[in-house]
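Visitor: Sequence first, then the predicted structure, then my questions.
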Amino acid sequence: QAQLAESGGGSVQAGGSLRLSCAASGAASGRTSRYIARAWFRQAPGKEREFVAAINWLSGSTYYADSVKGRFTISRDNAKNSVYLQMNSLKPEDTAVYYCAAGRSSYYYIGGYDYWGQGTQVAVSS
């Protein structure tokens, strides 16, 4: 079993920044965790959950949705068992609940993730 816990959400004006954190424990912790795909997804009211960014836990390779490229940066700290999402130049359309996830293979495909955090709210006002 693995546990993921997000933090860092909040309210910000358009153009502002927030940094989300996701702390992993259990099977998703440690440098040798088999859950090598770590990602952030988001879900806005009335919409489906969508991919935001992912990182390979071992190599650090990153993947982004087109809507956030150049504004968001995903990173990880293996020693702290944590993944981060630095969000800059935030827009009202970034408003959503943000979830971190851990999986063994897929990066973009939501069905490829085995564990999810409880989510953290991000609200961007214009």
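Guide: Nice, thanks for sending it over.
Visitor: In stretch 107-121, which residues have enough neighbours to count as buried?
Guide: With burial defined by 16 or more other Cβ atoms under 10 Å, the residues of stretch 107-121 counted as buried are Y107, I110, Y113, D114, Y115, W116, G117, G119, T120. Every C-beta, even on glycine, is put in place using the N, C-alpha and C of the backbone.
Visitor: got a list of what the third one touches?
Guide: Pointing back at Y113 there. Residues near Y113 by Cβ atoms under 8 Å, 6 or more residues apart in numbering: A37, A39, A101, A102, G103, S106.
Visitor: which of these sit farthest apart?
Guide: A102 and S106 (11.2 Å; Cβ to Cβ).
Visitor: quick one: common contacting residues for those two?
Guide: Common contact partners of A102 and S106 (Cβ under 8 Å, 6+ apart): A37, Y113.
Visitor: Give me the more crowded residue out of those two.
Guide: The neighbour comparison of A102 against S106 (other Cβ atoms under 10 Å) goes to A102, with 27 against 15.
Visitor: Check the gap between the more buried one and N88 for me.
Guide: Distance of A102 to N88, given as Cβ to Cβ, to the nearest Å: 25 Å.
Visitor: Which residue is the nearest non-sequential neighbour of R34?
Guide: R104 (5.7 Å; Cβ to Cβ, 6 or more residues apart in numbering).
Visitor: tally of neighbours for the one you found?
Guide: Using other Cβ under 10 Å, R104 is surrounded by 12 other residues.
Visitor: just checking, it touches R38?
Guide: No. Taking contacts as Cβ atoms under 8 Å, R104 lies outside contact range of R38: 10.9 Å.
Visitor: Can you tell me the centre-most residue of this protein?
Guide: Nearest to the geometric centre of the chain sits W40, at 2.2 Å (Cα atoms, centre = their mean).
Visitor: before we move on, the earlier item: among the contacts of Y113, show me the least confident.
Guide: Ranked by pLDDT, the contacts of Y113 bottom out at S106 (84).
Visitor: which residues does that residue contact?
Guide: Per Cβ under 8 Å, 6+ apart, neighbours of S106: A37, G112, Y113.
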